[in-house]
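[1] Mind looking at a prediction? Sequence and model below.
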Amino acid sequence: MTKSTLLAIFGGFVVAIAITLNFYFDEVEEKTTDVQKTSPSSKTLPIEADLPTKGVTLNTEASPQQKVNKPSFDVVRVNPDGDTVIAGRAAPEAKVEIFDG
């Protein structure tokens, strides 16, 4: 066998191992969480007079789930032939239409 044949066999072996390891480590484990069942607490809630009133601010911003994600474009490139590359962001599963003109 020549050096190039041995090198090709060794390279193929390394590639096969890399692909095998990729499939082995790429499997996603299901995340499970243990939920503890608790009985209703016998503790009572504090009366409003007991709550601190100084320095308390309410967060009036919408939660991240309630925010409306408007589509935005980060990169727009057009070459002289008219081929266009557009990169941007939109909400998942959103339908974004781009018109010419």
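    Alright, I've got the coordinates.
[2] Tell me where this structure has helices.
    Secondary structure of the chain (DSSP state H): helices at 3-26.
[3] Where in this protein is the helix or strand with the lowest mean pLDDT?
    Here the helix or strand of the chain ranked lowest by mean pLDDT, DSSP states H and E is strand 72-78, holding a mean of 82.
[4] tell me what that one is packed against?
    Identification of packing neighbours for strand 72-78 by 3 or more Cβ pairs under 8 Å, 6 or more residues apart in numbering; DSSP states H and E yields strand 84-89. Using the backbone N, CA and C atoms, a C-beta is placed for each residue, glycine as well.
[5] got the contact list for the strand it packs on?
    By Cβ atoms under 8 Å, 6 or more residues apart in numbering, the surrounding residues in contact with strand 84-89 are 69, 71-78, 96, 98.
[6] 6 Å instead?
    Outside strand 84-89, the residues that touch it by Cβ atoms under 6 Å, 6 or more residues apart in numbering are 72-78.
[7] Can you list the strands that that strand pairs with?
    Strand 84-89 has the following strand partners under DSSP bridges: strand 72-78 (antiparallel).
[8] now could you export just the CA positions of the strand it pairs with as PDB?
    Written as PDB, here are the backbone C-alpha positions of strand 72-78 (Å, rounded to 0.1, in the frame of the first residue of the first chain):
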ATOM      1  CA  SER A  72     -37.100  44.000  11.400                       C
ATOM      2  CA  PHE A  73     -34.300  43.700   8.800                       C
ATOM      3  CA  ASP A  74     -30.700  43.600   9.800                       C
ATOM      4  CA  VAL A  75     -29.000  43.100   6.500                       C
ATOM      5  CA  VAL A  76     -30.200  43.700   2.900                       C
ATOM      6  CA  ARG A  77     -27.800  43.100   0.100                       C
ATOM      7  CA  VAL A  78     -28.500  43.300  -3.700                       C
END
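[9] Give me the residues contacting that strand.
    Counting by Cβ under 6 Å, 6+ apart, 84-89 sit against strand 72-78.
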